[in-house]
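Trainee: Sharing a sequence plus its predicted fold:
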Amino acid sequence: MRTHYCGQVNAELAEQQVTLCGWVNKRRDLGGLIFIDLRDREGLIQVVFDPDQKALFEQAEKLRQEFCVQITGTVNRRPDSQVNANMKTGEVELLASELNILSRSEPLPIDFNSQVSEEARLRYRYLDLRRPQMNEKLQFRAKVTSAVRRFLDDNGFLDIETPMLTRATPEGARDYLVPSRTHKGRFFALPQSPQLFKQLLMMSGFDRYYQIVKCFRDEDLRADRQPEFTQIDIETSFMTAEQVMEVTENMTRELFDKLLGIELGEFPSMTWHEAMKRYGSDKPDLRNPLELVDVADLLKDVEFKVFSGPANDEKGRVAVIRLPGQAESVSRKMIDEYTNFVGIYGAKGLAWIKVNDLAQGRDGLQSPILKFLPDDALNAILERTGAATGDILFFGSDKANTVAEAMGALRLKLGEEFGLVSDEWKPLWVVDFPMFEEDDDGSLAALHHPFTAPVNVTPDELRANPAQALSNAYDMVLNGVEVGGGSTRIFENEMQQAVFEVLGIGKEEAQEKFGFLLEALKYGTPPHAGLAFGLDRLVMLMVGASSIRDVIAFPKTTTAACVLTDAPGLANSDALNELGVKSTVEDTE
């Protein structure tokens with residue numbers, strides 16, 4: 001039906017006849033001439049209708065926004081004075097000779113020339129996706145997946161599919177369950193990741209596997225989460241953690257170089273402990289120069305219990321953020337707002353000191369907490385934080401986890417508000433994670449997942465001192481976003497059993513949930529390791545979007561609903577009976 005895409009018509013086609021198909025982006029009637037901008041996925045071109053062709057002109061007068069049309073015409077160069085440098089096709093225009101209205105459009109239910117709510121955009125997503133900025137994002141996503149496949153294919157990886165209907169694999173979120181008609185009362189789970197199957201593929205001898213795969217997690221949503229999301233899933237045998245990191249780092253550098261023309265350079269490495277200490281986050285944004293400075297050891301003997309309590313608690317922490325040069329610009333109202341902000345993360349308050357004139361000592365400082373701090377502690381804090389005249393210090397004092405979360409979030413907020421975040425790309429590997437984390441009830445949970453291998457411990461040593469164990473895990477972080485995470489896997493039956501024991505998973509439960517894995521570990525399992533990228537997050541970063549919903553064709557809302565199709569929907573009683581399922585929720589619709 002067409003000879004070219006609209007956006008590909010250029011001066012090389014001058015005086016030639018072409019046929020184009022697309023949508024009327026805009027129509028203008030000027031001085032007896034009708035102009036339209038015709039749009040398809042590759043861009044826009046200006047089309048001119050000459051009033052001397054009366055029948056054609058009368059037909060063009062009927063055109064409205066979003067009519068779907070086929071137009072044949074001659075490509076003409078525009079006069080130099082009329083060249084539009086902002087369009088790929090700005091050197092030419094199409095003089096129409098034939099017009100075929102393929103499909104008419106009713107007046108649009110949304111106006112993209114004004115502010116449109118996200119719900120409206122999602123409800124009419126097929127219209128939203130016609131917009132060039134959305135079209136470009138999805139085209140870029142396709143280029144990313146194509147480049148990933150080429151890189152992995154060229155490096156000996158095999159694209160192998162794994163099941164969508166399976167047993168639950170624990171990844172820290174609720175599973176989406178699918179009832180079985182043929183096995184009433186039993187349920188499949190949609191995979192949170194292909195974790196166990198890719199390990200089984202390693203045991204099967206496929207030493208380099210990849211898959212661009214859908215994963216499903218029934219969890220509360222935010223900008224970078226969806227109930228269904230896409231992973232670039234990678235697993236290898238006979239490769240160390242360092243080798244997996246090297247391959248995936250090379251792939252990431254190549255993506256940025258070829259698709260964005262950006263050189264990322266070598267990725268530095270930082271331990272989890274250092275990241276939490278300096279930035280309060282295991283995915284630190286290194287574009288932000290602000291850091292947390294620990295001062296608990298300087299405050300153990302002060303009478304101010306807000307500081308001395310956490311300072312003397314082995315699970316407590318006192319940390320300071322120094323905001324340089326902003327003492328005068330930070331008002332009391334702003335401090336109150338920051339106090340409320342850290343309260344969202346569990347902090348009970350936010351102490352502060354303004355350094356108005358360092359040379360004047362205590363007299364040059366301003367803060368309601370000065371009276372509680374002796375000179376030696378105060379001077380030591382100023383020295384350790386590198387405080388200078390014009391700075392303001394913010395203090396976090398609480399349980400270590402609360403301080404890290406609250407002050408880490410405040411660090412990001414201050415960096416953005418005061419324009420401290422650079423426009424560079426800052427990649428990072430975070431390594432040496434704790435093997436386990438403590439839940440509120442004192443029990444241990446796997447920080448990543450229970451198939452991650454610990455570092456340099458025997459099964460008995462792990463059982464004896466699990467809280468001190470480190471895992472051989474590694475996360476790729478880019479501009480404060482975790483884009484990929486992986487680890488070496490447990491490949492010995494005894495170590496896997498030991499991890500299950502630490503997690504409170506008894507032999508009977510382990511056999512019920514993971515019997516097939518434990519059985520497979522008996523038969524010559526190779527050492528293996530892998531990494532999974534969040535494709536949606538990666539593309540979001542690369543195109544500069546603020547939400548992964550902008551790089552997914554048909555995303556869900558923050559309530560995990562699809563307003564386009566009105567899903568999830570009700571199932572009729574016959575279908576439920578056939579599945580052996582009864583709803584306990586009253587139908588109010």
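Mentor: Right, received. Where do you want to start? Numbers count the residues shown, from 1 in each chain.
Trainee: hang on, Ile321 in a strand?
Mentor: Yes: when DSSP: H, G, I helix; E, B strand; the rest coil is applied, Ile321 is found to be in a strand.
Trainee: what about it, how many neighbours?
Mentor: If you count neighbours by other CB atoms under 10 Å, Ile321 ends up with 23. Every C-beta, even on glycine, is put in place using the N, C-alpha and C of the backbone.
Trainee: Would you quantify the distance from it to Tyr5?
Mentor: According to CB to CB, to the nearest Å, Ile321 stands 52 Å off from Tyr5.
Trainee: Please, which helix or strand holds Val342?
Mentor: Using DSSP states H and E, Val342 sits within helix 332-343.
Trainee: counting contacts, what elements does that helix pack onto?
Mentor: Packing contacts for helix 332-343, counted by 3 or more CB pairs under 8 Å, 6 or more residues apart in numbering; DSSP states H and E, involve helix 400-417.
Trainee: Next SSE downstream of the helix it packs on?
Mentor: Next in line after helix 400-417, if elements are assigned by DSSP H and E, sits strand 427-431.
Trainee: what sits up against that next one?
Mentor: For strand 427-431, the external contacting residues (CB atoms under 8 Å, 6 or more residues apart in numbering) are 241, 245, 249, 252, 264-265, 267-272, 275, 282-284, 286, 473-478.
Trainee: and the helix holding Val342, which residues are buried?
Mentor: Within helix 332-343, the residues scored as buried using 16 or more other CB atoms under 10 Å are 335, 338-339, 341-342.
Trainee: now stretch 28-48
Mentor: For stretch 28-48, burial by neighbour count (16+ other CB under 10 Å) applies to 34, 36-40, 42-47.
Trainee: Farthest pair within the residues you listed?
Mentor: Ile34 and Glu42 (23.0 Å; CB to CB).
Trainee: Kindly reformat the buried residues of stretch 28-48 as a markdown table and extend each row with secondary structure and pLDDT.
Mentor: Shown next, in a markdown table, are these (DSSP: H, G, I helix; E, B strand; the rest coil; pLDDT from 0 to 100):
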| residue | secondary structure | pLDDT |
| --- | --- | --- |
| Ile34 | strand | 95 |
| Ile36 | strand | 96 |
| Asp37 | strand | 96 |
| Leu38 | strand | 97 |
| Arg39 | strand | 97 |
| Asp40 | strand | 96 |
| Glu42 | coil | 95 |
| Gly43 | strand | 95 |
| Leu44 | strand | 96 |
| Ile45 | strand | 97 |
| Gln46 | strand | 97 |
| Val47 | strand | 97 |
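Trainee: Which of the residues you listed sits closest to Asn577?
Mentor: Asn577 has its nearest neighbour among the buried residues of stretch 28-48 in Asp40, at 48.4 Å by CB to CB.
Trainee: so that closest one sits right up against Trp23, yeah?
Mentor: Yes: with contact defined as CB atoms under 8 Å, Asp40 counts as touching Trp23 (7.3 Å).
Trainee: circling back: what's the closest of the buried residues of stretch 28-48 to Tyr209?
Mentor: Closest approach to Tyr209 among the buried residues of stretch 28-48 (CB to CB): Glu42, at 35.1 Å.
Trainee: Spatially nearest residue to the closest one (excluding sequence neighbours)?
Mentor: Among residues not flanking Glu42 along the chain, Gly7 sits closest, at 3.1 Å (CB to CB, 6 or more residues apart in numbering).
Trainee: now the one you found: how far from Lys88?
Mentor: Distance check for Gly7 against Lys88: by CB to CB, it reads 5 Å.
Trainee: for Arg537, same thing?
Mentor: 30 Å.
Trainee: and these two? which has more neighbours close in?
Mentor: Higher neighbour count among Arg537 and Lys88: Arg537, with 21 against 15, using other CB under 10 Å.
Trainee: Can you tell me which helices and strands the longest strand along the chain packs against?
Mentor: Counting by DSSP state E, the longest strand found in the chain is strand 17-30. Using 3+ CB pairs under 8 Å, 6+ apart, the elements in contact with strand 17-30 are strand 33-40, strand 43-49, strand 68-77, strand 92-103.
Trainee: Same list, these, but as TSV with distance to Ala351 please.
Mentor: Output for these, formatted as TSV (distance: least, CB to CB, whole Å):
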stretch	distance to Ala351
strand 33-40	57
strand 43-49	56
strand 68-77	63
strand 92-103	65
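Trainee: Out of those strands, the one nearest Ser204 is which?
Mentor: Taking CB to CB, strand 33-40 is the member of these nearest to Ser204, at 45.3 Å.
Trainee: and that closest one, which strands flank it?
Mentor: On the basis of DSSP bridges, the sheet neighbours of strand 33-40 come out as strand 17-30 (antiparallel), strand 43-49 (antiparallel).
Trainee: Save the ones you listed as TSV, and put in distance to Gln511 too.
Mentor: Formatted as TSV, these follow (distance: least, CB to CB, whole Å):
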stretch	distance to Gln511
strand 17-30	59
strand 43-49	59
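Trainee: Ok, which of the ones you listed comes nearest Thr166?
Mentor: strand 17-30 (42.2 Å).
Trainee: how many degrees apart are the closest one and strand 68-77 in direction?
Mentor: Angle, strand 17-30 to strand 68-77, by axes from the mean of the first three to the mean of the last three CA atoms, to 10 degrees: 90 degrees.
Trainee: Run the chain-centre distance for strand 17-30.
Mentor: Centre-to-centre, strand 17-30 and its host chain are 38 Å apart (CA atoms, centre = their mean, to the nearest Å).
Trainee: what do you get for stretch 68-75?
Mentor: Here stretch 68-75 is found 41 Å from its chain centre; the criterion is CA atoms, centre = their mean.
Trainee: For it, report the contacting residues that lie outside it.
Mentor: By CB under 8 Å, 6+ apart, the residues outside stretch 68-75 that reach it are 1-2, 9, 13-24, 38, 47, 63, 92-105.
Trainee: quick revisit: between the helices and strands packed on strand 17-30, which one is closest to Asp391.
Mentor: strand 43-49 (50.5 Å).
Trainee: Can I get that closest one in PDB, CA atoms only?
Mentor: Only the C-alpha atoms of strand 43-49 are listed here, as PDB (Å, rounded to 0.1, in the frame of the first residue of the first chain):
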ATOM      1  CA  GLY A  43       8.100  10.700  11.400                       C
ATOM      2  CA  LEU A  44       6.200  13.500   9.700                       C
ATOM      3  CA  ILE A  45       6.100  15.000   6.200                       C
ATOM      4  CA  GLN A  46       4.200  18.000   4.900                       C
ATOM      5  CA  VAL A  47       1.700  17.300   2.200                       C
ATOM      6  CA  VAL A  48       0.200  20.000  -0.100                       C
ATOM      7  CA  PHE A  49      -3.100  19.800  -1.900                       C
END
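Trainee: Thanks again, I'm all set now.
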